[in-house]
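Undergrad: Quick one, what's the 3D model for this:
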Amino acid sequence: MEKQLKFNRGDVAEGILGAAMAAKFINRPKSLKDKNIKLTKQMIDKVLDDLFKNSMNHKEYKVKDIIVKQGKISIDKIDFTINLPIAAADLLSSKEDRRIVYDLYESSIEYIEETWINEILIFAINGEIDKIGISSDGVGDQKGTKADIKLKVNGKDYSRQISLKVKGGDQFFQVSGHEFEKQITLWSDILKLDISKMKKKYDDALSKYDKSEFFLSREDKRVEAVKDMLKHATSIVYREAAKQMQAKVKSKDDIFFTNLATIIFHGATKGNETIELVKLEKGKFKQLKFNKDFVNSYSDVLKKNNLKIMFVEGIDPVVRVYANSVVKDNLIIQFRTKIATESTTTKAGKKYSPYLRNIVESGPSMFSLSK
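TA: Sure thing, here's the model as predicted:
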């Protein structure tokens with residue numbers, strides 16, 4: 001009987017990409033003539049096997065520099081650490097189980113081989129002693145940083161940190177809560193839309209909503225009624241937001257394009273320009289890099305495309321922003337209402353209550369427009 005494994009692919013991807021980075025630093029060319037030793041699945045497996053061999057969460061390697069400087073051989077230290085949820089760590093500890101996520105190996109290899117070779121080679125030829133720390137940290141400081149793969153060189157944060165996504169993991173920003181002030185935060189404070197006039201309609205739609213109301217089961221009919229109230233209220237605001245966004249696009253409002261670029265930058269990086277957003281998908285990868293000029297340059301790109309704004313009122317109210325035409329591959333970004341029935345454990349048992357989040361998600365074009 002085939003073993004059933006429960007795990008989060010995003011957590012597993014963090015471990016695989018971190019191991020792939022470590023493997024690339026370790027498996028350096030023997031000389032400058034070799035230029036590059038291509039990363040393989042076997043190299044990644046070796047790092048993971050080494051790490052889990054003694055039930056440790058880190059492994060240190062020592063590797064020689066290619067160039068001898070001033071007659072001295074320099075030996076670099078490569079330290080790989082993981083801090084992942086138990087389910088992800090359990091899967092990664094088994095070579096046999098890892099086979100089911102080989103597509104993530106392939107994506108990681110392609111990403112590193114296409115975007116990291118020259119930078120990694122620098123540490124192999126500088127003739128200096130370097131300490132390189134690579135941390136796959138899916139459990140650490142989730143509020144303080146967007147980085148999932150953290151790199152340090154000689155004790156300092158490296159100029160490239162990685163925020164990692166996998167297929168289906170499109171969310172990169174959210175504003176949580178049902179209060180109208182949360183709608184103000186999303187649409188007015190960030191995008192500078194005037195949705196204050198929708199407050200009465202929004203509050204009226206939630207006149208029968210009681211935040212303190214809890215239920216003993218997710219199947220309680222009242223749960224769906226509460227969800228419908230929240231969806232109806234947000235659809236009022238989302239529809240108005242889409243209308244104003246389309247008007248600003250039509251009038252070529254420079255400030256709007258800047259604000260749209262800003263929500264992408266701050267949502268994905270928390271203002272840290274060393275973060276790069278990487279998505280591993282179907283054995284390939286997508287990448288969005290940031291710098292101090294990102295907002296200006298990306299807003300210019302947005303202006304050059306004939307943006308289409310669509311409001312969709314289906315299962316979840318959604319506002320979608322497309323480049324040029326309304327097709328899936330042209331989706332840049334979408335704002336979506338997400339209402340989950342969340343549980344709280346008490347002495348009397350579990351109780352349930354719907355909770356509203358306004359989430360911002362990437363589309364395929366968010367990555368490709370910057371190229």
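Undergrad: Please make it C-alpha for all contacts and neighbour counts, starting now.
TA: Fine.
Undergrad: Which element, helix or strand, includes the nearest residue to I120 once chain neighbours are set aside?
TA: In space, and not counting its chain neighbours, I120 is closest to F25: 6.2 Å by CA to CA, 6 or more residues apart in numbering. Using DSSP states H and E, the element containing F25 is helix 9-26.
Undergrad: packing partners for that helix?
TA: Helix 9-26 is packed against helix 41-53, strand 58-64, strand 75-83, helix 86-92, helix 102-115, strand 131-137, strand 149-153, strand 161-166, with contacts defined by 3 or more CA pairs under 8 Å, 6 or more residues apart in numbering; DSSP states H and E.
Undergrad: Quick check: buried residues in the shortest one?
TA: What it means is strand 149-153. 149-152 (16 or more other CA atoms under 10 Å).
Undergrad: Closest to G18 out of the residues you listed?
TA: Checking those against G18 with CA to CA, the nearest one is I149 at 6.3 Å.
Undergrad: List the beta-bridge partners for that closest one.
TA: S136, I162 (DSSP bridges).
Undergrad: hang on, K252 packs against K304?
TA: No. Using CA atoms under 8 Å, K252 makes no contact with K304, being 10.0 Å away.
Undergrad: Run a quick neighbour tally on the closest residue to R9 other than its chain neighbours.
TA: Sequence neighbours aside, V166 is the residue nearest to R9 in space, at 7.1 Å (criterion: CA to CA, 6+ apart). Neighbours of V166 under the rule other CA atoms under 10 Å: 21.
Undergrad: Ok, K211 next?
TA: Neighbour number of K211 under other CA under 10 Å is 12.
Undergrad: With S235 instead?
TA: Neighbours of S235 using other CA under 10 Å come to 23.
Undergrad: Of the helices and strands packed on helix 9-26, which is nearest S370?
TA: Here helix 102-115 is closest among the helices and strands packed on helix 9-26 (CA to CA), at 15.5 Å.
Undergrad: mind listing what's buried in the biggest helix by length in the chain?
TA: Criterion DSSP state H: the longest helix present in the chain is helix 221-250. Neighbour-count burial for helix 221-250, with 16+ other CA under 10 Å as criterion, is recorded at 223, 226-242, 244-246, 248-249.
Undergrad: any low-confidence regions in the stretch 251-371 of the chain?
TA: The model of the stretch 251-371 of the chain has pLDDT under 70 over residues 371.
Undergrad: is it true that the residue nearest to R9 touches V12?
TA: No. The criterion here is CA under 8 Å, and V166 misses it with V12 at 9.9 Å.
Undergrad: Let me see the ranges of the strands in the stretch 201-350 of the chain.
TA: Taking DSSP state E, counting those that start in this stretch to define them, one finds strands in the stretch 201-350 of the chain at 275-281, 284-289, 307-313, 317-323, 331-346, 349-362.
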